[in-house]
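[1] with the sequence up front, the predicted model follows.
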Amino acid sequence: MKNWIIGVVVLLLAVAGYFYLTSREPADTGAAPPQSPPVVVSRAEPQPEPASRPARPEPAVPPGPGLEPVTPPVTDAVPMPMLEDSDPLVLDTLSGLIGEPAVMRYVVNENVISRMVATTVTLGSRQVPGVVQVAQGPESSFMVSAVEQPETVIRNEEGDAIPQFVTEPENSQRYTPYVELFEATDTDELVALYRGNYSLFQEAYRQMGYPDGDFDARLLATIDELLATPEVEQPLALMKPEAYFLFTDPGLEARPAGQKVLLRMGSENARRVKAKLVEIRDAL
């Protein structure tokens, strides 16, 4: 039942990507937000089996004097499912690991492995598209306070002052349940089971357009990038030039999405996540 425990690792990364998206809350325009297209996992056309000669039966080998014929052991190993058919097993196994209520609350139930892989890849970009999210976000809204008289006025191209905000101290508590879930996993077991079930992650990675790529290397690179996240003073200074919150510091805003995720989680949560990532990185 724990064959998919590695999903917890990538799930946290995916949740992190969702944090980044939900903290960039759109302005209330009164219009319904556009619907994201579903994640489509392509299925390769079946290839015809090559013609082959029937296997020649092996000659029977009589047992030696006083010995009985040896019968091969019968195994009940469950074959690895196809990627496009893996959701039931993934969700069932995660339910056995963290409980069905937690899976129903936190996990998107379609194309789970493909979403995990896509989120891991896009955490290194400027933002994580909503279509690849694998986790349900926090129930509460992103918590900020408006800065009525900022020290420095930031203006847009039209010369209008851009609204500025700071994060509320309680904002980091929205992410604590996810961090606790991440910390609770056994690192050695997690890595061992990842190695045993690597083929589906690799297949999803190749379907993303990396036919010669190695998802293992990509995961390690993403972890290294997260560990390189700087520590900054809280609260975070933000601005909202249009529909989304941005860092007022251009250097922070230019950082990869994954690093901005840890910054928005708060210093304590970020330290706890980094400590666990170091364990996983060393084991990998």
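    Ah, there it is. As the structure is a prediction and not an experimental result, all values here were calculated from the model.
[2] start to end distance for stretch 137-152?
    33 Å (C-alpha to C-alpha, to the nearest Å).
[3] in that stretch, what's buried?
    Neighbour-count burial for stretch 137-152 flags 137, 138, 142, 143, 144, 150 (criterion: 16 or more other C-beta atoms under 10 Å). In this view, the C-beta of every residue, glycine as well, is placed from N, C-alpha and C.
[4] same check, this time on stretch 163-177
    164, 165, 166, 167, 171, 172, 174, 175.
[5] any weak-confidence spans in this structure?
    1-78, 97, 130, 193, 196 (pLDDT under 70).
[6] for it, just list every one of the helices.
    Taking DSSP state H as the test, the helices found in the chain are 6-23, 87-98, 100-106, 112-122, 176-183, 187-196, 198-207, 215-227, 250-253, 257-265, 267-283.
[7] residue 86 and residue 110 touch, don't they?
    No: Residue 86 is beyond contact range of residue 110, at 11.1 Å (criterion: C-beta atoms under 8 Å).
[8] compare these two and say which is more crowded by neighbours.
    residue 86 (21 against 13; other C-beta atoms under 10 Å).
[9] and the more buried one, how close does it get to residue 109?
    12 Å (C-beta to C-beta, to the nearest Å).
[10] how about residue 158?
    Distance from residue 158 to residue 109, by C-beta to C-beta: 44 Å.
[11] neighbour count winner among the two?
    Between residue 158 and residue 109, counted using other C-beta under 10 Å, residue 109 has the larger neighbour count: 12 against 5.
[12] so who does that one touch?
    Applying C-beta atoms under 8 Å, 6 or more residues apart in numbering to residue 109 gives the contacts 87, 91.
[13] at 6 Å instead, please
    residue 91 (C-beta atoms under 6 Å, 6 or more residues apart in numbering).
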